[in-house]
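Trainee: need a structure here:
(one chain, ligands or ions: 2)
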Amino acid sequence: MEQPARPLNAEQWLARVFADGRPRTFGTGWISGILGIVLGLLALFAVLCLHFPQYLTLPELRSRYPLELVRLAIDVGLLAAMALAGLSMLLRRRKALGVTGLVLAGAALALGAGGVEIPRGGASAVYLGLDWFVLGTLSTAAVFVPLERAFPLRAEQGAFRRGWLTDTQYFFASHALAQVMSVAVLAPAVALGSLLAVPSAQSAVQSLPVVVQFALAVLVADLAQYGVHRAFHAVPFLWRFHKVHHSLEAMDWIAGSRLHLVDVIVTRGLVLLALLVAGFADTAVYAYLALVSFHAVFIHANFAPRAAWLERWIAMPRFHHWHHGIEPEARDVNFAVHLPMIDRWFGTHHMPDDRWPSGYGIAGERAPEGWARQLVWPLGRT
Ligand SMILES: [Zn+2]
Ligand SMILES: [Zn+2]
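Mentor: Ligands and ions are numbered 1, 2, ... in the order given. So this is what the prediction gives:
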């Protein structure tokens with residue numbers, strides 16, 4: 001008997017429209033087509049930011065942009081998107097990739113491209129960080145796409161592995177919802193931090209050289225993160241939220257974004273609180289924030305560098321991949337983000353010689369797809 005056709009999910013639908021089963025190697029119009037779409041979309045977002053800065057950009061960044069350079073970058077990006085989309089149309093029989101890139105770039109052009117006059121107007125109380133998303137995508141992809149291409153762990157995996165669309169939504173949300181983060185994380189941490197602070201201890205910390213403060217900040221933050229992370233694994237109510245992160249079935253630079261909002265707010269809030277109570281200078285805290293935004297992406301990457309000597313001291317991808325491993329031996333191990341020695345101190349370190357986990361995920365359980373469904377997933381019955 002014939003099975004009734006199941007409706008396609010968004011990933012399958014996109015694959016049907018864009019991937020025509022033809023090769024995706026260099027010279028087939030696949031890479032140029034994808035790049036054309038990404039650049040076209042980012043250019044369109046950037047033009048929208050020029051039109052509606054009060055609603056779409058972060059106030060902290062808004063006043064600091066070198067505007068002439070931004071305008072030039074938008075125009076160059078737009079032209080590159082068009083050229084790449086055109087190239088893809090020439091090389092590929094199915095034109096969906098090229099046409100989509102052209103439509104996106106065309107929309108950005110029709111809306112005024114880099115020449116948009118910026119409206120004068122008051123600030124809005126509610127805004128998205130669309131500019132932060134554009135910058136985050138460009139800078140993170142520029143570092144990690146070449147790394148994953150040059151030294152891949154799973155070369156056959158490809159960018160469009162299972163769950164890529166969900167993780168892209170997380171990447172978008174984690175940047176665009178920056179205001180939610182600063183209200184929910186920064187404000188309470190600062191308020192509570194000033195209550196708990198011991199002024200004499202803080203001035204002792206601040207008398208240390210900034211480099212030493214930075215090193216201590218990494219240790220303090222990772223110790224705090226270790227404790228919070230272990231609690232998220234050990235307490236069933238918290239695990240409901242953290243298992244969203246462990247529902248990843250493929251690892252790459254975009255996968256690390258998959259974190260439930262509650263997980264992000266509690267973990268970041270408490271880590272920041274620890275740093276504020278310790279009293280580190282702003283420079284050391286900012287340097288730490290820059291490090292963690294890189295390192296948290298790095299440890300999820302589909303990247304297998306040969307640096308066994310480093311693995312003892314710094315969390316490398318293999319260390320955190322084991323945290324996500326599907327094997328029973330990978331349960332509740334490697335909680336640190338930066339310093340594997342913390343797991344050694346507490347007996348949760350697991351680094352079998354030269355092996356990687358065979359797969360990732362939660363045994364016997366699969367998360368629903370999409371950011372919104374995963375947001376309410378922890379609240380449902382289990
Ligand atoms: Zn975990
Ligand atoms: Zn992870």
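Trainee: only C-alpha atoms for contact and neighbour calcs from this point on.
Mentor: OK.
Trainee: Surely Leu104 touches Leu42?
Mentor: No. Assessed by CA atoms under 8 Å, Leu104 is found out of contact with Leu42, at 9.0 Å.
Trainee: so where do the helices sit in the stretch 51-200 of the chain?
Mentor: Here the stretch 51-200 of the chain has its helices, by DSSP state H, counting those that start in this stretch, at 53-56, 59-62, 67-91, 96-110, 130-150, 164-176, 178-181, 187-196, 199-206.
Trainee: can you list the domain ranges for the chain.
Mentor: 22-127, 178-379 (automatic domain parsing).
Trainee: Looking at the ones you listed, which is nearest to Val134?
Mentor: domain 22-127 (5.8 Å; CA to CA).
Trainee: how long is the closest one from one end to the other?
Mentor: Start-to-end span of domain 22-127 (CA to CA, to the nearest Å) is 42 Å.
Trainee: hmm, back to that, JSON lines for the domains of the chain, including mean pLDDT?
Mentor: Shown next, in JSON lines, are the domains of the chain (pLDDT from 0 to 100):
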{"stretch": "domain 22-127", "mean pLDDT": "92"}
{"stretch": "domain 178-379", "mean pLDDT": "94"}
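Trainee: Could you dump these into JSON lines with mean neighbour count and distance to Gly158 added?
Mentor: Shown next, in JSON lines, are the domains of the chain (neighbours: other CA atoms under 10 Å; distance: least, CA to CA, whole Å):
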{"stretch": "domain 22-127", "mean neighbour count": "19", "distance to Gly158": "10"}
{"stretch": "domain 178-379", "mean neighbour count": "18", "distance to Gly158": "9"}
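Trainee: Gly370 contacts Leu165, correct?
Mentor: Yes. Between Gly370 and Leu165 there is a contact under CA under 8 Å: 7.3 Å.
Trainee: one step back: would a markdown table of the domains of the chain with distance to Val145 be doable?
Mentor: Below are those laid out as a markdown table (distance: least, CA to CA, whole Å):
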| stretch | distance to Val145 |
| --- | --- |
| domain 22-127 | 12 |
| domain 178-379 | 8 |
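Trainee: Which one, of those domains, ends up nearest to Arg154?
Mentor: Nearest of those to Arg154, taken as CA to CA: domain 178-379 at 6.6 Å.
Trainee: Next, the distance between the ends of the closest one.
Mentor: First-to-last residue span, domain 178-379, CA to CA: 23 Å.
Trainee: and if you look at stretch 114-124?
Mentor: 23 Å.
Trainee: gap between Val210 and Trp313?
Mentor: According to CA to CA, Val210 stands 21 Å off from Trp313.
Trainee: and if you look at Asp20?
Mentor: 45 Å.
Trainee: which residues sit in contact with the spatially most central residue of the chain?
Mentor: The chain has Ser257 as the residue nearest its centroid, 3.6 Å off, counting by CA atoms, centre = their mean. Residues in contact with Ser257 (CA atoms under 8 Å, 6 or more residues apart in numbering) are 167-168, 170-171, 174, 297.
Trainee: repeat that for 10 Å
Mentor: 166-175, 245, 264, 296-297, 300 (CA atoms under 10 Å, 6 or more residues apart in numbering).
Trainee: Ala123 now?
Mentor: By CA under 10 Å, 6+ apart, Ala123 lies in contact with 53-55, 59.
Trainee: swap in Phe171?
Mentor: By CA under 10 Å, 6+ apart, the contact list for Phe171 reads 133, 136-137, 165, 254-259, 371.
Trainee: could I get those as TSV with distance to Leu216?
Mentor: What follows is the contacts of Phe171, written out as TSV (distance: CA to CA, whole Å):
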residue	distance to Leu216
Phe133	30
Gly136	27
Thr137	30
Leu165	37
Ile254	28
Ala255	28
Gly256	25
Ser257	26
Arg258	28
Leu259	26
Trp371	35
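Trainee: Among those residues, which one sits closest to Leu35?
Mentor: Out of these, the member with the shortest distance to Leu35 (by CA to CA) is Thr137, at 12.4 Å.
Trainee: follow-up on the earlier one: tabulate the helices of the stretch 51-200 of the chain in a markdown table, adding columns for distance to Arg381.
Mentor: Below are these laid out as a markdown table (distance: least, CA to CA, whole Å):
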| stretch | distance to Arg381 |
| --- | --- |
| helix 53-56 | 36 |
| helix 59-62 | 40 |
| helix 67-91 | 46 |
| helix 96-110 | 40 |
| helix 130-150 | 33 |
| helix 164-176 | 22 |
| helix 178-181 | 27 |
| helix 187-196 | 30 |
| helix 199-206 | 45 |
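Trainee: Val271 is in contact with Val190, correct?
Mentor: No. With contacts counted by CA atoms under 10 Å, Val190 stays clear of Val271, the gap being 11.6 Å.
Trainee: which stretch among the helices of the stretch 51-200 of the chain comes nearest Pro328?
Mentor: Of all these, helix 164-176 comes closest under CA to CA, at 24.9 Å.
Trainee: Report the mean confidence score over the closest one.
Mentor: Averaged over helix 164-176, pLDDT sits at 95.
Trainee: Show the contacting residues for the closest residue to Thr168 other than its chain neighbours.
Mentor: Nearest residue to Thr168, sequence neighbours excluded (CA to CA, 6 or more residues apart in numbering): Ile254, at 6.7 Å. With contacts defined as CA under 10 Å, 6+ apart, the neighbours of Ile254 are 137, 140-141, 144, 159, 164-171, 297-298, 300-302.
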